[in-house]
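[1] what shape does this take:
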Amino acid sequence: GRWVNNQRSNYRKGKLSEKRIQKLEDLGFDWGTTRGTPLPWDERFDELKEYKGKYGHCNVPRSQGSLGRWVDNQRKARRKKGNMPKERVQKLDNLGFDWSPRGTPPTWDDHFDELMTYKGKHGHCNI
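    Residues are numbered from 1 along each chain as shown. Next up, the predicted model:
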């Protein structure tokens, strides 16, 4: 149990490699607690504040691990009307969150270039 909890904790903190995340997800790993509850939103928000303090923006790439996927999920949740509480939208707005960082949707070539970069870094295309 301790090792599993450590994996969840490292995942929440963005300290788990993509390879390890992928291996665990392929196994059907539940990133919530043993009771199946989701990761705390406020904890991810705090990670985003730290990221902004370090890099000066909130545009965490999806390829940069769990925080990047969380940021992407916030954008998706807001696009779906009523799927994100107003207080969360307000907190993200106050932080300077960019809801449409690229302006226009990425092209197939943009995604392919991102995949090539990922493969160069990780040696595979299994994202």
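
[2] pLDDT weak spots in this protein?
    Along the chain, segments meeting pLDDT under 70 span 1, 33-39, 81-82, 102-113.

[3] can you do 80?
    Scanning the chain for pLDDT under 80 picks out the ranges 1-2, 5-6, 26, 28-39, 80-83, 101-116, 118, 124-127.

[4] helices along that one, start to end?
    2-12, 18-26, 41-55, 66-79, 86-95, 108-122 (DSSP state H).

[5] indicate which one of those helices is closest to Pro101.
    helix 66-79 (8.3 Å; Cβ to Cβ). Placement of C-beta: from N, CA and C, glycine included.

[6] that closest one - contacts with which helices or strands?
    Counting contacts by 3 or more Cβ pairs under 8 Å, 6 or more residues apart in numbering; DSSP states H and E, helix 66-79 packs against helix 41-55, helix 86-95.

[7] can I get those in JSON lines including mean neighbour count and distance to Gly14?
    As requested, the helices and strands packed on helix 66-79 are arranged in JSON lines below (neighbours: other Cβ atoms under 10 Å; distance: least, Cβ to Cβ, whole Å):
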{"stretch": "helix 41-55", "mean neighbour count": "14", "distance to Gly14": "6"}
{"stretch": "helix 86-95", "mean neighbour count": "12", "distance to Gly14": "17"}
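
[8] now those as a markdown table including distance to Phe29?
    Shown next, in a markdown table, are these (distance: least, Cβ to Cβ, whole Å):
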| stretch | distance to Phe29 |
| --- | --- |
| helix 41-55 | 18 |
| helix 86-95 | 26 |
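
[9] quick one: closest of those to His124.
    Between these, helix 41-55 lies closest to His124; by Cβ to Cβ that is 25.8 Å.

[10] now for the closest one, which elements pack on it?
    Looks like helix 41-55 contacts helix 2-12, helix 66-79, helix 86-95 (3+ Cβ pairs under 8 Å, 6+ apart).
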